[in-house]
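>>> after the sequence you'll find the predicted model.
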Amino acid sequence: MTAVFAVLSAMSLVVLDAGMLNVALPVLSERLAVAPSQAILTVTAYQAGLVMALLPAGALGERFGLRRIFVLGVSLFALASLACAAAPGLGWLVAARLIQGLGGAAVMALGVALLRQALPPDRLGAAIGWNALTVALASATAPALGAAILAAASWRGLFLANLPIVALSLLAARGLPAGRGAVRRIDPVAMLLNASGFGFFILAMARAPTHPIQAALAAAAGLVGFVLLVRRETGKVAPLIPLDLLRQPTFRLSVAASICCFMGQALGLLSLPFLLHQQGFDPLATGLRLMVWPLAVALTAPVAGRLADRLSTDGLCAAGGTTLSLGLAGAALAPPGLTLICLGLSGVGFGLFQSPNNRNLFLSAPADRSGAAGGLQATARVTGQTLGSLAATVLFDLGSEAPSLALGLGAALALTAGCVSLARGAPSQRSTTAS
């Protein structure tokens with residue numbers, strides 16, 4: 001239980017920090033005397049640090065021990081939080097947020113891998129469910145908590161609020177399995193190519209709406225980085241990009257399903273506020289209705305995790321993807337009076353899908369490759385959310401029908417995630433036996 005608490009507290013730290021800062025963006029813009037687009041750089045920098053470091057964090061965890069790199073990541077996150085609180089201007093704050101992303105990557109990449117080491121296979125699904133519950137509750141409470149801190153203190157208090165959670169997580173980290181790591185070679189060039197590839201793609205997406213030529217050049221540079229990385233990693237026993245794991249159909253399909261599901265989630269969460277606004281709800285009413293989604297996830301995910309330890313993960317993921325699809329499609333087509341039910345359905349479907357899919361992904365990888373599996377699982381999550389956000393940006397240029405179109409596309413992607421899960425054809429107990 002100490003190990004579980006260490007992981008869940010660190011996960012809540014990462015989620016709360018991101019959610020609270022989103023609420024504070026208008027305040028940051030005003031207090032730092034910068035344009036809103038510049039204030040958003042604090043979010044972009046964090047996302048860049050996160051996605052650039054997820055796979056390297058997994059590799060470093062396998063080499064030096066998962067607990068050691070996890071603790072290093074939490075400590076780095078704490079130091080960066082202090083730097084954010086002390087930032088004299090935007091440049092300092094953006095740089096500190098980039099470092100925060102590097103620390104958060106270790107938490108996201110290694111958290112579930114540590115749970116796998118600390119718990120027997122027949123309890124892993126339940127633990128993943130509690131992890132999803134923690135993330136959902138942190139997502140739901142972050143805006144309100146951020147608003148409360150801003151009402152009582154300056155924006156710097158948002159980052160100082162991280163420190164008590166850091167202290168609890170580091171104290172509980174003593175209960176995590178130590179692990180000595182494996183004898184494997186760390187390739188700095190591969191890590192540099194990985195960071196440049198993801199970094200250029202983040203830059204391309206940030207520049208796309210206003211500077212399309214720069215965005216195209218950045219995307220081309222990112223693609224070159226990834227091609228060079230794959231060529232360098234091909235044939236290695238434990239590559240940075242886990243090509244060895246992706247050759248396994250069950251693992252590969254779990255990653256593909258995760259990307260599709262998170263794309264659907266991102267399209268839904270970005271378009272629903274606009275849909276509710278069109279239906280005549282004020283911001284307060286919209287915010288209260290949107291809380292139904294994460295609360296439904298919080299109620300469903302622990303149950304789904306326990307079921308995943310006993311039933312076929314393929315069937316549970318298919319049911320979850322279908323339910324999420326019905327919720328998103330219903331929100332696009334149903335009258336306003338039924339929107340709340342559709343939000344609840346979406347949350348139930350997402351919670352029902354995510355815990356079994358993550359369990360299946362981790363147990364289809366060898367135990368000594370848990371760090372790489374965690375890095376790729378987190379990368380799939382961020383990639384899906386980023387692609388979903390990009391798709392929403394394109395659709396929202398089409399006029400008043402954009403929210404419904406985005407919800408329809410999200411529903412199609414969620415249904416695709418369910419169908420991909422069925423294609424695995426590997427029941428839960430078979431995965432457990434293989435591990």
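That came in fine, so what should we check first?
>>> all strands of this protein, in order?
Taking DSSP state E to define them, one finds no strands in the chain.
>>> any weak-confidence spans in it?
Counting by pLDDT under 70, the chain has low-confidence residues at 23, 36-37, 179-184, 209, 283-284, 287, 393, 397-400, 425-435.
>>> mind running it again at 50?
Counting by pLDDT under 50, the chain contains low-confidence residues at 426-435.
>>> scan this protein for its longest helix.
With residue count as the measure and DSSP state H as the assignment, the chain has helix 121-152 as its longest helix.
>>> now stretch 408-423, how far from the centre of its chain.
When distances are taken as Cα atoms, centre = their mean, to the nearest Å, stretch 408-423 is centred 18 Å away from the chain's centroid.
>>> cool, stretch 140-154 as well?
22 Å.
>>> okay, buried residues for it please.
Residues 140, 141, 142, 143, 145, 146, 149, 150 are the ones in stretch 140-154 that count as buried (16 or more other Cβ atoms under 10 Å). Just so you know, the C-beta spots here come from the backbone N, C-alpha and C atoms, and that holds for glycine as well.
>>> please tell me how far the third one sits from residue 24.
When you say that, I think you mean residue 142. Between residue 142 and residue 24 the distance is 11 Å, computed by Cβ to Cβ, to the nearest Å.
>>> pull up the overlap in contacts between these two.
With contacts defined as Cβ atoms under 8 Å, 6 or more residues apart in numbering, no residue is adjacent to both residue 142 and residue 24.
>>> for the spatially closest residue to residue 93 that is not a sequence neighbour, what are its contacts?
By the measure of Cβ to Cβ, 6 or more residues apart in numbering, the closest residue to residue 93 outside its immediate chain neighbours is residue 87, 3.9 Å from it. For residue 87, the contact set (Cβ under 8 Å, 6+ apart) comprises 93, 96, 156.
>>> ok, residue 87 to residue 20 distance?
For residue 87, the distance to residue 20 - Cβ to Cβ - is 16 Å.
>>> cool, residue 317 as well?
Distance, residue 317 to residue 20, by Cβ to Cβ: 31 Å.
>>> neighbour-wise, which of the two wins?
residue 317 (33 against 26; other Cβ atoms under 10 Å).
>>> state the distance from the closest residue in space to residue 234 that isn't next to it in sequence to residue 250.
The shortest distance from residue 234 to any residue other than its chain neighbours is 6.7 Å, reached at residue 243 (Cβ to Cβ, 6+ apart). Spatial separation of residue 243 from residue 250 under the definition Cβ to Cβ is 15 Å.
>>> double-check residue 14 against residue 78; I have them as touching.
No - using Cβ atoms under 8 Å, residue 14 makes no contact with residue 78, being 11.8 Å away.
>>> neighbour count winner among those two?
residue 14 (27 against 21).
>>> who are the contact partners of the more buried one?
Contact criterion Cβ under 8 Å, 6+ apart gives 77, 104, 107, 108 as the residues in contact with residue 14.
>>> so residue 35 touches residue 26, yeah?
No - in this structure residue 35 lies outside contact range of residue 26 using Cβ under 8 Å: 11.5 Å.
>>> all good on my end, thank you.
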